[in-house]
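Q: this one's structure only:
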């Protein structure tokens, strides 16, 4: 019996340690190394809505160039709106991975509008992906758009994608929602079989000397585990989906906490980027050592054991925890 076995999105995984969307999945050799180290599944790097749209507009420019003098030139290719330049490479990569490894491959789409994403979700399925993760990223910076309007846009996208494919769909949510619990429930009702908590946004920085906005990638730490840990513990057993915990997973203890909160898998990027695919083997070994020393026969045995449902709606997961935490602080001498 594989003590580390878990089930996520209807897939049987050899370990709850999953490689989340990152540059690690861009090379077949690296994915093979992750599989050899015992990873449960690999989420591919994301195919971005802006990437495809930009390429579509670029192609449209060249197709329409000179059409005033030769109108029929525009009819050589159909107007599909979203063309398949970088996207085709993504599909080819899925096919190469499926030929090279046995570990489940989860495709990833990053966008907020339905548009051509239905077509691309279907193409990812046809390429052989075992499941699809929909990463909803939208910066709500328009004061005229209400939260209800934005959330309905998200839900319509989920409905459209879920209704267009036959492979399982997971949705990666942002923590910046008015009601995480309510939106998680509606996400499940819209057709998602899994929810990934949470999307980790990379915030830009300001260069005050050159007056420029600059990207600034900072990898996560275990301190960031607490936010998704709390919400999965609160939602486990109340929203009928498989939960994946991402952000802040670096150690075997982090993985164990996630399992006890109610997650089916943990997703890692920063830790693997820093230490390489072999870190998966180390984590699996550490998980097994802890489980054997604490008489756990399986990962599934501990899943949800410290959820809000199991603890009897613990106040420690709610506002009382905030008050107690403040009371533990003592003034500096």
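A: Received, thanks. Computed from a predicted model, the values in this text were never measured in an experiment.
Q: so where do the strands sit in the stretch 1-150 of the chain?
A: For the stretch 1-150 of the chain, the strands defined by DSSP state E, counting those that start in this stretch occupy 6-8, 11-13, 17-19, 42-43, 47-48, 105-110, 131-135.
Q: Mean neighbour count added to the ones you listed, as JSON lines?
A: C-betas here are computed from N, CA, C, even on glycine. Output for the strands of the stretch 1-150 of the chain, formatted as JSON lines (neighbours: other C-beta atoms under 10 Å):
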{"stretch": "strand 6-8", "mean neighbour count": "21"}
{"stretch": "strand 11-13", "mean neighbour count": "18"}
{"stretch": "strand 17-19", "mean neighbour count": "29"}
{"stretch": "strand 42-43", "mean neighbour count": "26"}
{"stretch": "strand 47-48", "mean neighbour count": "21"}
{"stretch": "strand 105-110", "mean neighbour count": "25"}
{"stretch": "strand 131-135", "mean neighbour count": "25"}
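Q: of the ones you listed, which approaches residue 302 most closely?
A: Residue 302 lies closest to strand 6-8 among the strands of the stretch 1-150 of the chain, at 10.5 Å (C-beta to C-beta).
Q: Show me what that closest one is packed up against.
A: strand 11-13, strand 242-246, helix 299-302 (3 or more C-beta pairs under 8 Å, 6 or more residues apart in numbering; DSSP states H and E).
Q: Out of the strands of the stretch 1-150 of the chain, flag the one nearest residue 242.
A: Nearest to residue 242, of the strands of the stretch 1-150 of the chain and by C-beta to C-beta, is strand 6-8 at 5.2 Å.
Q: Pull the number of nearby residues for the nearest residue to residue 26 once chain neighbours are set aside.
A: Of all residues not flanking residue 26 in the chain, residue 45 sits nearest, at 5.8 Å (C-beta to C-beta, 6 or more residues apart in numbering). Counted with other C-beta atoms under 10 Å, residues neighbouring residue 45 total 18.
Q: Residue 163 versus residue 45, what's the distance?
A: Using C-beta to C-beta, to the nearest Å, we find residue 45 at a distance of 25 Å from residue 163.
Q: What of residue 200?
A: Relative to residue 163, and taking C-beta to C-beta, residue 200 is found at 28 Å.
Q: what sits against residue 229?
A: By C-beta atoms under 8 Å, 6 or more residues apart in numbering, the contact list for residue 229 reads 245, 257, 258, 261.
Q: Pretty sure the first one sits against residue 226.
A: No: look at residue 245 against residue 226 with C-beta atoms under 8 Å: they stay out of range, at 10.9 Å.
Q: Give the ranges of residues in the stretch 51-200 of the chain that sit below the confidence cut-off.
A: For the stretch 51-200 of the chain, the stretches flagged by pLDDT under 70 are 51-85, 112-116.
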